[in-house]
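Trainee: When you get a sec, could you give me coordinates for this:
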Amino acid sequence: MIKKSFILLAFLLTLSFFSMNGQLAVGYNTDGNTFSLSTNPDKKVWGEFRVNTKSYSQAAWSYSDRGITQVYALTGIFNAQSVILYAGGGVGANLLSNDEKWLSINIPAGIKIAPFTKFPGILLTGEYNPMFVVEEKVPIIHSVSAGIKIVLVKGN
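Mentor: Sure, this is the predicted structure:
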């Protein structure tokens, strides 16, 4: 009960942060069947909250949980018209898993492409995200995925 309350509180705080900025985007990444909520990814710096619903393909089975909640700060490092290279940092924890709990330091790097001029709020993504689990003798969880982000609410 306490775990579910904590997750609900974290989700509501994240959602309220996004709504204060007047910007919200949802996303999906293929590896880990990962869903995300983010501040407007059109900005130079944005935040993102992610949860995976199945194990990551590139991870060792014993540390490839589902229900890894992740929080990120991301920034664009190169911008050329409709293509943006980005990188960032974040933390993850398998809070929604029934397995032994752990924490990870995550360093994603990827590309965002806005391929449709008529629909600038649709972004295609490709990302590599190594998750360094902070526990002795635990391998790195490698996540390589394609994805999509859709800007739902766009602020000023």
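
Trainee: In a helix, E100, correct?
Mentor: No - E100: not assigned to a helix; according to DSSP: H, G, I helix; E, B strand; the rest coil it is coil.

Trainee: What distance do you get for it to R66?
Mentor: According to CB to CB, to the nearest Å, E100 stands 14 Å off from R66. All C-beta spots, glycine's among them, are computed from the backbone N, C-alpha and C.

Trainee: With neighbour numbers in mind, choose between these two.
Mentor: R66 (18 against 10; other CB atoms under 10 Å).

Trainee: ok, that one - contacts?
Mentor: Contacts for R66 were tallied using CB atoms under 8 Å, 6 or more residues apart in numbering; they are 32, 52-55, 96-97.

Trainee: Mind listing the residues bridging to the residue positioned nearest the centre of the chain?
Mentor: Closest residue to the average C-alpha location of the chain: R50 at 4.1 Å, with CA atoms, centre = their mean. Beta-bridge pairing of R50 under DSSP bridges involves S36, Q70.

Trainee: Surely it and L74 touch.
Mentor: No - R50 is beyond contact range of L74, at 11.0 Å (criterion: CB atoms under 8 Å).

Trainee: where's stretch 130-149 relative to the chain centroid, distance-wise?
Mentor: Its chain's C-alpha centre and that of stretch 130-149 lie 11 Å apart, by CA atoms, centre = their mean, to the nearest Å.

Trainee: now swap in stretch 75-92 and tell me
Mentor: Worked out by CA atoms, centre = their mean, stretch 75-92 lies 12 Å from the chain centre.

Trainee: If anything else comes up later, I'll come back, but that's it for now.
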